[in-house]
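A.B. asks: pasting the sequence and the predicted model now:
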Amino acid sequence: MDLHFGDSKPTDDERAAVDALLGPPESSWEGADRSDADLRWARGGRAARDRRDLLLPGLHAINDRVGWISDGALDYLCRRLTVPPAEAYGVATFYAMFSVKPRPATVLHVCTDLACAAAGASELCAGIESRLGPGSGVHVERSPCLGLCERAPAALAIKAGDPVRTAVSAPATVHDAVLAASAPDSAPEEPPAAMAVPQAGDPALTLLGRVGVVDPASLDDYRAHGGYTALRRAFDLGPAGVIREVTDSGLVGRGGAAFPTGRKWQATASQPDHPHYLVCNADESEPGTFKDRVLMEGDPYALVEAMTIAAYATGAHLGYLYLRGEYPRAIRRVQHAIDQARARGLLGDDVLGQGYAFDIEIRRGAGAYICGEETALFNSIEGYRGEPRSKPPFPVEKGLFGKPTVENNVETLVNVLPILTMGAPAYAAIGTGRSTGPKLFCVSGSVDRPGIYELPFGATLGEVLELAGVRPGLRAVLLGGAAGGFVRPDELDIPLTFEGTREAGTTLGSGVVLAFDDTVPLPRLLLRIAEFFRDESCGQCVPCRVGTVRQEEALHRIAERTGAAAADDIALLREVGRAMRDASICGLGQTAWNAVESAIDRLGAYE
């Protein structure tokens, strides 16, 4: 390892931010200000490598305290962790929420993605920038999806300091967004999580039954409503029995890949290499997706319990919850739940007195859609750029830190609780034969009651939209988010199952249902999708790095042309789209053409 440090020094604030995370430096090499300390001494070998995973939390610590990451701060963090500054710079510049250039302490992220774009995000941004003006001390950032689609348009203010302060404005007005940025502590409180669940309080709900009913801060309230019943049954069944129940239930991953959960758990549990790890993917950055946020904000103990069960079944003793940085309230809620569970013996060295040790660490994402891909997420946790790895080997063999790892998203894990409490046969009876159980749908756009809806697999798209109150003049529905596909208003009888959407030539994805009426300009929407993928591509592989740029360029040209010239660019789009789908390393490049292709073929977007 070749370490080259510059001459820049950290400020007192920057040093304090790093030391608060890592503790005081132990040698002059690490930056201790002691004349009697040995400058030649530094951690090396395994001791240095074992601290690399603290790089991302260290970058957050600096960014939270100061608002940006200077050369001096980066050098000091790298000394403390024995990480080459060039590598750390590559990590810091990978994430949208960090800045390595000076900027004001307050950053106002204004969502310009699909649901917010349809709700007037461009006008909102223009109004905010006009109101604040230069020298306001606020940096306005046009942001990808903030996961607040049911309250579009949305804005998130982050004011650096000790402590960092945040405020959400959604649905945002110019006045409220400026207030959130200038005085976060005075901004109105966010509405309760139950406001995002139009069905809240319905006793028939399985996954959302506690949202709006239970105090999300109270462990006692959670237990009074059936909490930790599933974990007790898991201990009665034993690890093999839990995996058998999950397998028999037919549960598949709810993030979009639909891989059988029981098979994944069994493959991890059977690996002889130890330790095993559990990773919960809560980095839901797909435009239009917000179900995991609502679960974490409204029922955080359910996730803690579900992670404990998954870890017990697969032989893991440490779990990482990778939670996107744009969800400050979810971070606070889940951290409180973890702390309370640990204090009450539900996490730690002896869970429920059963002799089983398990604990959870939260790792904050920093604005990178690609980190929703499991191996990119592992790299991010380990302190590297969030770039996907080639597979095989698969994560069940070599995942986080090169060890067997099971990775599931929030919705998948929360489904384990009813499987154990009601039994696999009863759970499998919900939904259809090949898509079992309940499913959460994120409905937003041109509907009267946007929010999270829980329905059994097999409900049609029309039934979901009827519950949400679709508005007149429906032009198109986007299923699966930016990586999904458009369907026409005359295709609302599509059954919302993995096999049903596949047979209809579209995808269910993570459960996004985005409705657009005829007031939304479709070409501009497609351009926004292309901009999103171009911006979020990690750049590791040529088909995606180049293809997403070419796709955006072609869509810009088509918007300005007609006739034969447009036909040539559409032909080019198809060629580029096939190359991305066939040759990209991960799902980002493989799906970047889906929505555009479906809009051309199903909607006649450029006819």
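C.D. replies: In hand now; what should we look at? Numbers count the residues shown, from 1 in each chain.

A.B. asks: quick one: residues contacting the closest residue to residue 282 other than its chain neighbours.
C.D. replies: Nearest in space to residue 282, with sequence neighbours left out and distances taken as C-beta to C-beta, 6 or more residues apart in numbering, is residue 323 at 4.4 Å. From N, CA and C alone the C-beta is placed, and that goes for glycine too. By C-beta atoms under 8 Å, 6 or more residues apart in numbering, residue 323 lies in contact with 282-283, 296, 330-331, 334, 362-365.

A.B. asks: for residue 520, same thing?
C.D. replies: 118, 446, 475.

A.B. asks: that one looks like it's in a helix, true?
C.D. replies: No. Secondary structure of residue 520 (DSSP: H, G, I helix; E, B strand; the rest coil): coil, not part of a helix.

A.B. asks: per-residue confidence at it?
C.D. replies: Among the per-residue scores, residue 520 holds a pLDDT of 88.

A.B. asks: so what's the backbone phi/psi at it?
C.D. replies: Main-chain torsions, residue 520, degrees, to the nearest 10: phi -90, psi 120.

A.B. asks: doesn't residue 205 fall inside a helix?
C.D. replies: No. Applying three-state DSSP, one finds residue 205 to be coil, outside a helix.

A.B. asks: which one is it nearest to, not counting chain neighbours?
C.D. replies: Nearest non-adjacent residue to residue 205 (C-beta to C-beta, 6+ apart): residue 454, at 5.3 Å.

A.B. asks: and residue 462, by the same measure?
C.D. replies: Using C-beta to C-beta, 6+ apart, the closest residue to residue 462 is residue 492 (3.5 Å).

A.B. asks: surely the one you found and residue 460 touch.
C.D. replies: Yes. Counting by C-beta atoms under 8 Å, residue 460 is a contact partner of residue 492 at 6.6 Å.

A.B. asks: helices or strands up against the host helix or strand of residue 296?
C.D. replies: Using DSSP states H and E, residue 296 sits in helix 291-298. Here helix 291-298 touches helix 300-314, helix 328-343, helix 410-422, strand 438-445, going by 3 or more C-beta pairs under 8 Å, 6 or more residues apart in numbering; DSSP states H and E.

A.B. asks: export these to a markdown table and append columns for distance to residue 561.
C.D. replies: Compiled in a markdown table, the helices and strands packed on helix 291-298 are given as follows (distance: least, C-beta to C-beta, whole Å):
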| stretch | distance to residue 561 |
| --- | --- |
| helix 300-314 | 49 |
| helix 328-343 | 44 |
| helix 410-422 | 42 |
| strand 438-445 | 28 |
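
A.B. asks: now mean pLDDT too, for these, in JSON lines please.
C.D. replies: Output for the helices and strands packed on helix 291-298, formatted as JSON lines (pLDDT from 0 to 100):
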{"stretch": "helix 300-314", "mean pLDDT": "98"}
{"stretch": "helix 328-343", "mean pLDDT": "98"}
{"stretch": "helix 410-422", "mean pLDDT": "98"}
{"stretch": "strand 438-445", "mean pLDDT": "97"}
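
A.B. asks: what's the burial count for residue 318?
C.D. replies: 17 (other C-beta atoms under 10 Å).

A.B. asks: please report how far it lies from residue 278.
C.D. replies: With distances taken as C-beta to C-beta, to the nearest Å, residue 318 is found 7 Å from residue 278.

A.B. asks: who touches both of the two?
C.D. replies: residue 311.

A.B. asks: ok, and for stretch 516-533, which residues are buried?
C.D. replies: For stretch 516-533, burial by neighbour count (16 or more other C-beta atoms under 10 Å) applies to 516-517, 520, 522, 525-533.

A.B. asks: meant to ask about stretch 410-430, not that
C.D. replies: Those would be 410-420, 424, 427-428, 430, for stretch 410-430 by 16+ other C-beta under 10 Å.

A.B. asks: tell me how far it lies from the chain's centre.
C.D. replies: A distance of 23 Å separates the centroid of the chain from that of stretch 410-430, by C-alpha atoms, centre = their mean, to the nearest Å.

A.B. asks: what of stretch 594-607?
C.D. replies: That offset, for stretch 594-607, works out to 27 Å (C-alpha atoms, centre = their mean).

A.B. asks: any idea how many residues pack against the closest residue to residue 72 other than its chain neighbours?
C.D. replies: In space, and not counting its chain neighbours, residue 72 is closest to residue 8: 3.7 Å by C-beta to C-beta, 6+ apart. Look at residue 8: counted by other C-beta under 10 Å, it has 13 neighbours.

A.B. asks: and for residue 350?
C.D. replies: Around residue 350 there are 12 residues (other C-beta under 10 Å).

A.B. asks: tell me how far it lies from residue 220.
C.D. replies: 20 Å.

A.B. asks: swap in residue 264?
C.D. replies: 33 Å.

A.B. asks: and residue 185, by the same measure?
C.D. replies: 29 Å.

A.B. asks: settle it for me: which of these two has more neighbours?
C.D. replies: residue 220 (12 against 7).

A.B. asks: picking that back up, what's the residue nearest to residue 282 sitting at in phi/psi?
C.D. replies: The phi/psi pair for residue 323 (degrees, to the nearest 10) is phi -120, psi 130.

A.B. asks: partner residues bridging it?
C.D. replies: With DSSP bridges as the criterion, residue 323 is bridged to residue 282, residue 364.

A.B. asks: mind checking pLDDT for it?
C.D. replies: Confidence score, pLDDT, at residue 323: 97.

A.B. asks: on that earlier part again, just confirm the residue nearest to residue 72 contacts residue 70, I think it does.
C.D. replies: Yes. With contact defined as C-beta under 8 Å, residue 8 counts as touching residue 70 (6.8 Å).

A.B. asks: span of stretch 193-201 from start to end?
C.D. replies: For stretch 193-201, the first and last residues are 12 Å from each other (C-alpha to C-alpha, to the nearest Å).

A.B. asks: ditto for stretch 373-392
C.D. replies: 15 Å.

A.B. asks: make 22 the first number, not 1, from now on.
C.D. replies: All set: I'll call the first residue 22, so the last point we hit is now stretch 394-413.

A.B. asks: about what we covered before: contacting residues around the residue nearest to residue 483?
C.D. replies: Contact analysis of residue 513 by C-beta under 8 Å, 6+ apart lists 481-483, 486, 498.

A.B. asks: filter those residues down to the buried ones.
C.D. replies: If we count by 16+ other C-beta under 10 Å, the contacts of residue 513 have these buried: 481-483, 486, 498.

A.B. asks: closest one to residue 183 out of these, please.
C.D. replies: When those are compared for distance to residue 183 (C-beta to C-beta), residue 498 wins out at 45.8 Å.

A.B. asks: helix, strand, or coil at the closest one?
C.D. replies: Going by three-state DSSP: residue 498 is strand.

A.B. asks: what about the residue nearest to residue 617 when sequence neighbours are not counted, helix or strand, and which?
C.D. replies: Closest residue in space to residue 617, ignoring its immediate chain neighbours: residue 547 at 5.4 Å, by C-beta to C-beta, 6+ apart. Assigned by DSSP H and E, residue 547 belongs to helix 543-557.
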